[in-house]
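> this one's structure only:
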């Protein structure tokens with residue numbers, strides 16, 4: 001009796017409620033959780049206008065179920081596709097056997113992680129050219145192969161906003177003399193980038209190293225010229241700032257501070273799809289540091305796991321968060337402070353790290369539609385932007 005009542009209440013929810021729930025879920029989980037309940041839910045799923053498929057960390061059985069049973073049903077609504085080649089199997093290669101990319105006419109974002117040279121070559125140029133909505137293509141390779149394989153793709157896709165290719169092992173091998181001039185041209189147009197981690201540091205202890213996490217995601221936004229929303233009540237950063245630290249003294253106490261510093265002396269205006277200087281920057285009057293919630297910890301603890309700054313909020317008003325000026329560029333700065341007491345911070349030893357990837361424009365609303373699109377594609381909590 002109780003089960004019947006609960007089922008009735010569940011099914012009485014309006015369709016819009018389930019659409020909101022679906023926006024938080026991976027496509028596989030939507031079908032697995034709701035597809036077999038009844039005909040109403042099955043039709044409800046298929047009527048969804050957009051699907052984002054992330055084929056990372058899936059077991060072989062789930063991956064094959066996705067390819068054989070789910071993808072055929074949603075290929076016309078698929079707007080974002082992410083696939084990873086794992087060590088024991090080439091999921092990218094398998095997927096490309098099942099499907100050609102032109103079968104997804106609304107695809108606007110394509111991420112292929114750890115792609116092999118064989119799989120890259122199997123992607124025909126005409127497959128991508130036929131995708132009129134494709135605005136973001138991201139290849140990440142764990143191996144080494146020539147950059148020349150990508151030049152034809154770039155020149156044939158004039159509307160790509162960006163194409164990004166990273167190889168964490170053999171970047172220097174890519175830039176051969178015959179390609180330098182063309183590579184510089186693509187860089188200046190914002191179409192092609194090779195991204196090292198590019199950490200600048202004020203070295204007090206040269207052993208300390210800091211690696212920016214999710215650097216590939218930061219780089220996607222860097223090409224688009226990252227924008228971060230500021231509000232009166234405060235808005236969290238996306239991408240989220242997170243780092244991995246090595247080289248600390250295991251038994252010495254440290255605190256981690258974050259601040260956001262101005263870049264340059266100008267404020268900007270967005271016109272004709274570009275940022276233009278609009279005058280001198282307003283004073284950065286409210287310089288504040290965000291103290292990581294873990295407080296004082298020994299170096300061993302800080303180095304144990306990735307350090308997340310996912311509670312940092314930026315604002316144009318609130319005195320509880322980091323205050324920024326709209327239409328001004330900023331950069332995230334991390335300070336590692338050797339201290340056992342917050343009261344002695346001003347006299348303590350600092351190591352300061354900044355990351356070129358984290359430069360962003362503070363805005364009260366997104367100006368570049370490509371940034372809006374990327375936030376929707378990559379931020380699972382971008383609910384307010386769904387449907388734009």
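Received it, and whenever you're ready, just let me know what you need. This is a predicted model, so every value here is computed, not measured. Numbering: from 1, shown residues only.

> Neighbours of residue 321, how many?
Neighbour count of residue 321, defined by other C-beta atoms under 10 Å: 23. (Glycine included, C-beta is placed from N, CA and C.)

> need the contact list for it.
234, 288, 312-315 (C-beta atoms under 8 Å, 6 or more residues apart in numbering).

> ok, now residue 323?
Taking C-beta under 8 Å, 6+ apart, one finds 285-286, 288, 314-317 in contact with residue 323.

> need the helix or strand of this protein with the lowest average pLDDT.
Here the helix or strand of the chain ranked lowest by mean pLDDT, DSSP states H and E is helix 171-174, holding a mean of 30.

> What ranges does the stretch 201-350 of the chain have for its helices?
Along the stretch 201-350 of the chain, counting by DSSP state H, counting those that start in this stretch, helices occupy 215-224, 299-304.

> Can you give me the buried ones in the last one?
Put plainly, it is helix 299-304. 299, 302-303 (16 or more other C-beta atoms under 10 Å).

> Please report how far the residue nearest to residue 56 when sequence neighbours are not counted lies from residue 128.
Counting by C-beta to C-beta, 6 or more residues apart in numbering, residue 56 lies nearest to residue 84, which is 4.6 Å off, once chain neighbours are set aside. Distance of residue 84 to residue 128, given as C-beta to C-beta, to the nearest Å: 19 Å.

> show me what contacts the most centrally placed residue in the chain?
For the chain, the residue nearest the mean C-alpha position is residue 217 (3.1 Å; C-alpha atoms, centre = their mean). Listed by C-beta under 8 Å, 6+ apart, the contact partners of residue 217 are 239, 378.

> could you redo the contacts of residue 321 as JSON lines and give each row pLDDT?
Listed next are the contacts of residue 321 as JSON lines, based on pLDDT from 0 to 100:
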{"residue": "234", "pLDDT": "90"}
{"residue": "288", "pLDDT": "79"}
{"residue": "312", "pLDDT": "91"}
{"residue": "313", "pLDDT": "92"}
{"residue": "314", "pLDDT": "94"}
{"residue": "315", "pLDDT": "91"}
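
> So which of those residues sit within strands?
In strands, defined here by DSSP state E, the members of these are 313-315.

> Which member of these is positioned nearest residue 339?
The shortest gap between residue 339 and any of the ones in strands among the contacts of residue 321 belongs to residue 313, at 24.6 Å (C-beta to C-beta).

> who's the closest one bridged to?
Residue 313 has the following beta-bridge partners by DSSP bridges: residue 236.

> What is the burial count for it?
Using other C-beta under 10 Å, residue 313 has 16 neighbouring residues.

> what separates it from residue 366, distance-wise?
Distance from residue 313 to residue 366, by C-beta to C-beta: 17 Å.

> what's the answer for residue 332, then?
The spacing between residue 332 and residue 366, counted by C-beta to C-beta, is 19 Å.

> Comparing those two, which shows the higher neighbour count?
residue 332 (25 against 19).

> so the more buried one sits right up against residue 260, yeah?
Yes - between residue 332 and residue 260 there is a contact under C-beta atoms under 8 Å: 5.7 Å.

> Which pLDDT value belongs to residue 373?
On pLDDT, residue 373 comes in at 87.

> Can you give me the distance of it to residue 220?
Using C-beta to C-beta, one gets 11 Å for the distance from residue 373 to residue 220.

> what touches both of the two?
Residues touching both residue 373 and residue 220 by C-beta under 8 Å, 6+ apart: residue 136.

> low-confidence ranges in the stretch 1-150 of the chain?
Along the stretch 1-150 of the chain, the model assigns pLDDT under 70 to residues 1-11, 24, 36, 57, 117, 124-126, 139-150.

> again, 50 this time
Counting by pLDDT under 50, the stretch 1-150 of the chain contains low-confidence ranges at 1-8, 144-146.

> which residues in it form strands?
For the stretch 1-150 of the chain, the strands defined by DSSP state E, counting those that start in this stretch occupy 51-55, 78-84, 109-113, 136-141.

> Can I get these in JSON lines including mean neighbour count and distance to residue 21?
Compiled in JSON lines, the strands of the stretch 1-150 of the chain are given as follows (neighbours: other C-beta atoms under 10 Å; distance: least, C-beta to C-beta, whole Å):
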{"stretch": "strand 51-55", "mean neighbour count": "20", "distance to residue 21": "14"}
{"stretch": "strand 78-84", "mean neighbour count": "20", "distance to residue 21": "18"}
{"stretch": "strand 109-113", "mean neighbour count": "22", "distance to residue 21": "22"}
{"stretch": "strand 136-141", "mean neighbour count": "22", "distance to residue 21": "26"}
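
> so can I have TSV of those showing distance to residue 337?
Below are the strands of the stretch 1-150 of the chain laid out as TSV (distance: least, C-beta to C-beta, whole Å):
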stretch	distance to residue 337
strand 51-55	37
strand 78-84	37
strand 109-113	35
strand 136-141	34
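
> Residue 366 versus the residue nearest to the centre of the chain, what's the distance?
In this view, residue 217 and residue 366 are 17 Å apart by C-beta to C-beta.

> picking that back up, residue 114 is in contact with the residue nearest to residue 56, correct?
Yes - Residue 84 lies in contact with residue 114 (C-beta under 8 Å); the separation is 5.8 Å.

> ok, back up a step: hey, least reliable of the helices of the stretch 201-350 of the chain by pLDDT?
helix 215-224 - the lowest mean pLDDT of those, at a mean of 92.

> Great, nothing more from me.
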